[in-house]
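Engineer: A structural model of the following input is requested.
(one chain, ligands or ions: 1)
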Amino acid sequence: MSILKVSRLGHPVLRQVTQNVSPRELESPALQKLIDDMVETMKEYDGVGLAADQVHESKQIAVLEVADNPRYPQKPNVPLTVLINPKITPLSEEIEDDWEGCLSVPDLRGRVPRYKSIRVQAWDRSGNELDFVADDFHARVIQHEFDHLHGKVYLDRMRDFSTLTFLQEFARYWMQP
Ligand SMILES: [Zn+2]
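Structural biologist: Predicted structure coming up:
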């Protein structure tokens, strides 16, 4: 496995809509290795999610895992999940604002409105159908990664930039005790 270079804001790949993955492509060793490398890259940089365009591959693949993450303490754990060609449907109009950061937008945090509860339909890395409900932080991570796959970053979703803050100032002024 390898740790991949993460694309940063300004790289055009982050603004492209990613390509669907075919069942045949999903079976290929190259794509399975890409998934392994994405998982390793996410863990290396303490991410809770990573989309393929964040490692310069314009494909509908996202990985996520929340496990005692130092960048997001006090968040509920989410098992390692691979989403291929995901679709999401909001289950209610309820919106929640909370902090997000992004490995492609280093050193910054901002408050982003997201649906509180969503239905997620996708394939897993073996091509099995996934269909589940995600709530709260879990739903937030999936919406963040889904946006990446459609050429969006969290800055596009912020109501305004009044909460945009560097991590050092976040720790000093915004972190809840
Ligand atoms: Zn991101």
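Engineer: show me where pLDDT drops low in this structure?
Structural biologist: Residues of the chain meeting the criterion pLDDT under 70: 177.
Engineer: that one: strands as residue ranges?
Structural biologist: 49-51, 61-66, 78-90, 95-102, 105-115, 117-123, 129-135, 165-166 (DSSP state E).
Engineer: contacting residues around stretch 145-153?
Structural biologist: Contact with stretch 145-153 is made by 9, 14-18, 49-54, 60-62, 64, 83, 86, 88, 102, 104-105, 154, 156-157, as judged by CB atoms under 8 Å, 6 or more residues apart in numbering. From N, CA and C alone the C-beta is placed, and that goes for glycine too.
Engineer: can I get the CA coordinates of that stretch in PDB?
Structural biologist: Listed next in PDB are the C-alpha coordinates belonging to stretch 145-153 (Å, rounded to 0.1, in the frame of the first residue of the first chain):
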ATOM      1  CA  GLU A 145     -17.400  13.400   0.700                       C
ATOM      2  CA  PHE A 146     -20.400  13.300  -1.700                       C
ATOM      3  CA  ASP A 147     -19.800  17.000  -2.400                       C
ATOM      4  CA  HIS A 148     -16.200  16.200  -3.300                       C
ATOM      5  CA  LEU A 149     -17.400  13.700  -5.900                       C
ATOM      6  CA  HIS A 150     -19.500  16.400  -7.500                       C
ATOM      7  CA  GLY A 151     -16.700  19.100  -7.600                       C
ATOM      8  CA  LYS A 152     -17.700  20.900  -4.400                       C
ATOM      9  CA  VAL A 153     -15.800  21.700  -1.200                       C
END
